[in-house]
Structure formats: C-alpha cells, structure tokens
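Trainee: any chance you could fold what I've pasted below:
(chains A and B)
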2 protein chains.
Amino acid sequence: MRVRNKPWAKGYIEDHADKMVTAPEPLKGNWQSRFPSEQPLFVEIGTGKGQFIVEMARQHPDQNFIGIEIQMSVIAVALKKVVASGLTNIQMVHTDGEAVNTFFDAGEVAGLYLNFSDPWPKSRHAKRRLTSPVFLAHYADVLQSEGQIQFKTDNRGLFEYSLESLNNFGLVFDGVWLDLHAATDGVEDIETEYEQKFSAKGPIYQVIAHFPKAAE
Amino acid sequence: MRVRNKPWAKGYIEDHADKMVTAPEPLKGNWQSRFPSEQPLFVEIGTGKGQFIVEMARQHPDQNFIGIEIQMSVIAVALKKVVASGLTNIQMVHTDGEAVNTFFDAGEVAGLYLNFSDPWPKSRHAKRRLTSPVFLAHYADVLQSEGQIQFKTDNRGLFEYSLESLNNFGLVFDGVWLDLHAATDGVEDIETEYEQKFSAKGPIYQVIAHFPKAAE
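Mentor: I've put the predicted structure just below:
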C-alpha cells in the first residue's frame, strides 16, 4: 500500500507507546506482558489501516491481537483506530513482518492472518510473497501446534501460487473459499479497508491451513 | 450428464468390440494388449462424449488412452469419434469408473483425468464426488509413482472441496489454475464438449497433483 507521508504520524506514535511497539525483539517470549490478560495471541502481518484487526479484537475479547505494519504513515492510521476503540486486547507493532521468528518465540502465536498481501507478480520476486517457503518456515517457528494461517486475497495469481506453496510445504488445508463473499457456509468474514473498496471487481479467495504436528 | 436413450448405441458398440471394452476386469494388468504399442497409459474417468480424450490421443501418439463412461448412450457417441479418428492408441471402456482398482493393476496407469465430474452438491453425497478420499485411495492404487491426477471443473463448490480433499489426502500440488482460460503460463487445455458450451458462464478451475512417494 502506497500512502502519502503523514507529518503527524511520528509524534502520534510516540504519544501512544502503551498501544504501539517499535522495538519488538526484546519482547520475544514475553508478549503477554503487553496485555491485561494472558490470552491466545493472534497476529496480522501487514495490518494496513487496521480495520480487520481492530474489529477482530472487538469481537473476540477473550483473545489478544497484534497488528504488524512496516509503513509508519499507515500504522499511524491503524493506531488511531486502536486508541478510539478503547480496546486493551490489541497492540500495534511498527516493524517489518517478514522476520516474525526474530520477535516471537516458538509456540507464542495462536494464529496468523495475512490479508491482501503484496502479490509480487513477477516470478523473480516470488520469494518476497508472504506465502513463499522462507516465510512459511518462519510461521512454523512461531505458531503453536495446530495454529492456523488464514490468508485472503483478491489476486488470482497470488492465490494460485499460495495454494501450491502451502500444499508443497506440507500444510493441511482446513478450508478453501474461491468466492468468500458468496459463501453460504456461515464462514466469518471481517473485511479490510481494501476488501471493501475493491471486492466488487472480482472474487475474494481465502484459505485456512495449519502445519502438521511435528510427530506426524 | 443426462441423455436421451439412443436405440442404435448397443448394436454400434457390439460392432466395434476392437475399440470398446465392456468387461474390463479380465484385462487387469494386461491393458497394453489392447494397443499396437506398449506406451504410458492415461485414463479419463467419466469421458462423456469423448472430445477431450480423442483429441489427447491425436496430439500424443506416443501415449495410450482409455476413456471410461458408465452411460451407454454417451459412450456410444464417444466411440463414434474414436472410430472416425482412425486412431489406434485409444480405447473406450463402458463401465463404472468408481472402482478403477478392480480393473487396473498397481502402477498400470501413468495419469488420470477427471473433467467436469458430477458435483454432488449436497453434503450427504460428498462421498460420491470423484475427488473424495475413497476414490483417491483407488487412484493411489493404480497410478505409477509420480503419476498425476488432472482435475478440472467449472463448479466452485466441487473445486473448493477437491482442493481440501486432495491436500488432506497428502497429494502434492503441481499446479493450480483458478481461471484456466485466462491462464498465460502456456498450460495445455483441451476442451471437453461441456467446457466449450458452458465456460462463458464462469471460470474453469484446474488442479494437477501427484501422490507422494510411499517412502517419503
């Protein structure tokens, strides 16, 4: 997501250090200290303007949530939503979500959300896609046993790639949706800002999957 | 596929016993005897009116092909195409394709095609779908090592189910296409009669996958 620079962002983030982490590595293994209650921790990588993760936190008070976003001008908008919500079970993290295993401990994460990630359409950039094997290995490091990855996108090429990549990595599919907004199985769909804006152009794809147990 | 009864079908099939097998079990392990050359054997389950498999046989003279179809009035139409083609690397089999392991031997089949299979949309009929675990177990019995299943459909629900079912069974995806007719990767697509007639209504989905090696 490309956005205009927001001059207020830096100061706003500094003023809300209770809701926003800018140096995540020291918290490895100790993220629950950022929340009033110790609860299963769900993480969105590339949280954008935060609508999805804030709404998740609102609907699931028995879970803790973290939204990770690299762009300061974007996460500042998400942070505003967090502050306005008054919710205490959500934290923002301003960092690169690529190396989650450097700041989450083994089994520390209950579930991961990837929503409308950058498609990196050129083959030579495939390694940068958040569903490529190198990232899947990181997710495997931090997810608890049976912890799920939930991935949605409107990009057909990225979804084709991701189904192959997750399958080839050995992940077990729990569900596949090829037109999420037309689904009749009662699946929960909390929309992102992007999804609301662009979904009329084509179907939203989603897959939910988990890593097999190590002993299998 | 529902079709009108064709009074000529039975006699036509009897007249072309060199191209058509009606009692497949005795040929188990010996299907190459039906062809002039011993070549890798590819099988379409539910061959319908035969356009796909006849065109495959035409384009791949170094392979042998079998089309299986349960409905006599349908396979008689396919048989006409086989006879008209003059091809010797294709045979029709009039039987129920559900129990392929009763008439193919272990490793006898190089690859399987499932095209626009009956979607059996009701959950209680899921076991009848040709990508359900009971059928996948049969395919695993007859396919040679690394032999592929190629499955295409225009039915979204069936494709969602099939991706999950193949993945959960442990098959390894070699390719996934969510709009085969829009693909730009040069993938071969030989259309079935049904595909030509109905594809304008929505995307054609395809997955190609293989069973992992037993030793893996």
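
Trainee: what comes into contact with the lengthiest strand in chain A?
Mentor: Of all the elements of type strand in chain A, the one with the most residues (DSSP state E) is strand A:143-153. In this structure, residues lying in contact with strand A:143-153 by CB atoms under 8 Å, 6 or more residues apart in numbering or on different chains are A:107-117, A:119, A:131, A:139, A:159, A:162, A:166, A:171, A:174, A:180, A:195, A:204-211, A:213. For every residue, glycine as well, the C-beta is placed using N, CA and C.

Trainee: from the contact counts, what lies against the helix or strand bottoming out on mean pLDDT in chain A?
Mentor: Per-element confidence for chain A was summarised using mean pLDDT, DSSP states H and E. The lowest value among helices and strands belongs to helix A:193-198, with a mean of 88. Here helix A:193-198 is seen to pack against no other helix or strand when contacts are counted using 3 or more CB pairs under 8 Å, 6 or more residues apart in numbering or on different chains; DSSP states H and E.

Trainee: next helix or strand past it?
Mentor: If you walk from helix A:193-198 toward the C-terminus, the next helix or strand you reach (DSSP states H and E) is strand A:205-210.

Trainee: does chain B sit close to that following strand?
Mentor: Yes. Legend: contact between strand A:205-210 and chain B by CB under 8 Å from any CB of the partner chain is shown at A:Y205.

Trainee: that strand - what's its average pLDDT?
Mentor: Averaging the model's pLDDT scores along strand A:205-210 yields 98.

Trainee: that one packs against which elements?
Mentor: strand A:143-153, helix A:156-169, strand A:172-177.

Trainee: and the ones you listed as TSV, adding mean neighbour count?
Mentor: Rendered in TSV, the data for these read as follows (neighbours: other CB atoms under 10 Å in any protein chain shown):
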stretch	mean neighbour count
strand A:143-153	20
helix A:156-169	21
strand A:172-177	18
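
Trainee: hmm, back to that, tell me the strands beside the longest strand of chain A, with direction?
Mentor: Counting by DSSP bridges, the strands paired with strand A:143-153 are strand A:109-115 (parallel), strand A:205-210 (antiparallel).

Trainee: just send these back as CSV, with mean neighbour count too.
Mentor: Formatted as CSV, the entries for the strands paired with strand A:143-153 read as follows, by neighbours: other CB under 10 Å:
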stretch, mean neighbour count
strand A:109-115, 22
strand A:205-210, 22
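
Trainee: now distance to A:D18 too, for these, in JSON lines please.
Mentor: Output for the strands paired with strand A:143-153, formatted as JSON lines (distance: least, CB to CB, whole Å):
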{"stretch": "strand A:109-115", "distance to A:D18": "22"}
{"stretch": "strand A:205-210", "distance to A:D18": "32"}
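
Trainee: these two touch, right, A:K201 and A:D154?
Mentor: Yes. A:K201 sits in contact with A:D154 when judged by CB atoms under 8 Å, with a separation of 7.1 Å.
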